[in-house]
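Chemist: Output the structure for:
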Amino acid sequence: MNAAMPLIADRGMGEPISLAAMLAAGKKVAPEAVSLLIQDHREAVAFFDWYQHCSDPVEKAEVARRLCTALRAHMTVEEEIFYPAARQATGDDGIVDHSMAEHDEARQLIDHIEALVKSGGGDDDSVAELREVIEDHVADEEEKMFPEVRAAGLDLYDLGCRLAARRGELLFELTGKEIAMADAPLHMDSPQIPIAADQALPLFADGLRNAHAMDKNCREMLERQVDRLENYPAVKNRLSLHLKDKDAQLQRIETILDDMGESPSTMKDMAGSLGGNLSAMMNAPAEDEILKNSAANYAMANLEIATYESLLVLGEAAGKVDAIRVLQQSLSEERAMANWLAEHLRETAVMFMKVKSEGGQASH
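Modeler: As a prediction, this is how the structure comes out:
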């Protein structure tokens, strides 16, 4: 049996939506684009505070390195995804160009700090200067750009999902899986994987088959609801978008299984499909169908979140790092769906009462 290996991809790597991805294990951030970026800002400040209070030079250098890595990922997703969307939605070229210029200034300092850390040195003054630049940038975005973006009518959950998925890719690119937690002498223990890769592989494959069946189940439920919805356009539109997520998630799992020489379970898929049809059909005759379905969708999204969290751990234990990358995107999509549903449950209930009071078809 192979020796147990350290678990490199911690929760933060599995849920790539937090600036402190390697430090704030277990922290959850709703993948709404502006909220996500604001949370990154708060955690950047926490990094600076941590650095300021470090007395151990080795620990201080490691905090600086991780801070710079996190800032690079944050700035890149803003420039690649968020800023183009903000520019198009608001038409405010000036505010976007100003933020880009602030990024350029921050990158020069980051380059300098990273070079010093790599050579075994440090520079408290440069870190303090970087903090000042970042805090000015944060104020500009949160007081000017973000309010404009929120007022522009963008689908911030879809945008947040794309930011989160790209962020996960960048963290892998910037850190590399070869980085061992033993190289980072911080006060944080890396959990050990108490199983060899060859033993974890069949568990991962079975988990993928279960997830495939569950995704088919969910897709059947969503498709039936979308076909029936009449008086809830916002819900219908969001569920329609999530149907596309489901197609992509199924394709990702099938590709991973195919690369492993495995295939989905026909029996599990049939059971999942039947379950999805029955779930949707049972709620269809109900007078409060929309409310029951909203609750069921929210529960299903959270079940999928839990499933993908487990799959990321199993995939890491099996040594399937490439698979983790694509499964992270599925996890981000489910978090986006769960948070959208949570934020619209009350709104949907109000709409239900309104339509019912007006004598309309309130059920769906």
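Chemist: quick one, domains of this structure?
Modeler: 11-183, 197-357 (automatic domain parsing).
Chemist: In TSV, list the ones you listed along with mean neighbour count and mean pLDDT.
Modeler: To be clear about C-beta, it is placed using only N, CA and C from the backbone, and glycine gets the same treatment. As requested, the domains of the chain are exported to TSV (neighbours: other Cβ atoms under 10 Å; pLDDT from 0 to 100):
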stretch	mean neighbour count	mean pLDDT
domain 11-183	18	79
domain 197-357	19	81
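Chemist: And Cys68, how far from His74?
Modeler: Per Cβ to Cβ, to the nearest Å, Cys68 is found 11 Å from His74.
Chemist: ok, now Pro57?
Modeler: The separation that Pro57 has from His74, given Cβ to Cβ, amounts to 26 Å.
Chemist: do the same with Lys60
Modeler: 21 Å.
Chemist: again, but for Val127
Modeler: Distance from Val127 to His74, by Cβ to Cβ: 16 Å.
Chemist: ditto for Asp158
Modeler: 19 Å.
Chemist: hang on, Met221 packs against Tyr298?
Modeler: No. Counting by Cβ atoms under 8 Å, Met221 does not reach Tyr298; the two are 12.0 Å apart.
Chemist: List of residues touching stretch 95-112?
Modeler: 68, 71-72, 75, 78-79, 83, 86-87, 123, 126, 129-130, 133-134, 136-137, 140-141, 144-145, 148 (Cβ atoms under 8 Å, 6 or more residues apart in numbering).
Chemist: Narrow those residues to those in helices?
Modeler: Here DSSP state H is the test, and those give 68, 71-72, 75, 83, 86-87, 126, 129-130, 133-134, 136-137, 140, 148 as lying in helices.
Chemist: What helices and strands are in contact with the helix or strand containing Ile253?
Modeler: In the assignment (DSSP states H and E), Ile253 maps to helix 233-259. Helices and strands touching helix 233-259, by 3 or more Cβ pairs under 8 Å, 6 or more residues apart in numbering; DSSP states H and E, are helix 197-228, helix 289-317, helix 321-357.
Chemist: Columns distance to Ile113 on top of these, output as TSV?
Modeler: TSV is the format used below for the helices and strands packed on helix 233-259 (distance: least, Cβ to Cβ, whole Å):
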stretch	distance to Ile113
helix 197-228	36
helix 289-317	30
helix 321-357	28
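Chemist: Go through these and name the closest to Arg42.
Modeler: helix 321-357 (17.7 Å; Cβ to Cβ).
Chemist: on contacts alone, who are the packing partners of that closest one?
Modeler: helix 11-14, helix 156-175, helix 233-259, helix 289-317.
Chemist: between that helix and helix 156-175, how big is the angle?
Modeler: 170 degrees (axes from the mean of the first three to the mean of the last three Cα atoms, to 10 degrees).
Chemist: Looks like Leu116 contacts Asp123 (just checking).
Modeler: Yes. At 5.3 Å, Leu116 counts as touching Asp123 under the criterion of Cβ under 8 Å.
Chemist: can you list residues touching both of those two?
Modeler: Common neighbours of Leu116 and Asp123 (Cβ under 8 Å, 6+ apart) do not exist.
Chemist: thinking again about what came up before, is it possible to export the helices and strands packed on helix 321-357 to CSV including distance to Glu102?
Modeler: Formatted as CSV, the helices and strands packed on helix 321-357 follow (distance: least, Cβ to Cβ, whole Å):
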stretch, distance to Glu102
helix 11-14, 26
helix 156-175, 18
helix 233-259, 33
helix 289-317, 34
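Chemist: Go through those helices and name the closest to Trp340.
Modeler: helix 156-175 (4.9 Å).
Chemist: Can you tell me what sits against that closest one?
Modeler: By Cβ under 8 Å, 6+ apart, helix 156-175 touches 13, 16-17, 21-22, 30-37, 69, 72-74, 76-77, 80-82, 85, 149-150, 238, 241, 321, 325, 328-329, 332-333, 335-337, 339-340.
Chemist: Please name the nearest non-neighbouring residue to Asn302.
Modeler: Ala338 (5.5 Å; Cβ to Cβ, 6 or more residues apart in numbering).
Chemist: check contacts around that neighbour.
Modeler: 298, 301-302, 305.
Chemist: With Phe82 instead?
Modeler: The contact partners of Phe82, by Cβ under 8 Å, 6+ apart, come to 33, 37, 159, 163.
Chemist: now those in a markdown table, with distance to Asp288?
Modeler: Listed next are the contacts of Phe82 as a markdown table, based on distance: Cβ to Cβ, whole Å:
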| residue | distance to Asp288 |
| --- | --- |
| Ala33 | 32 |
| Leu37 | 37 |
| Leu159 | 32 |
| Leu163 | 35 |
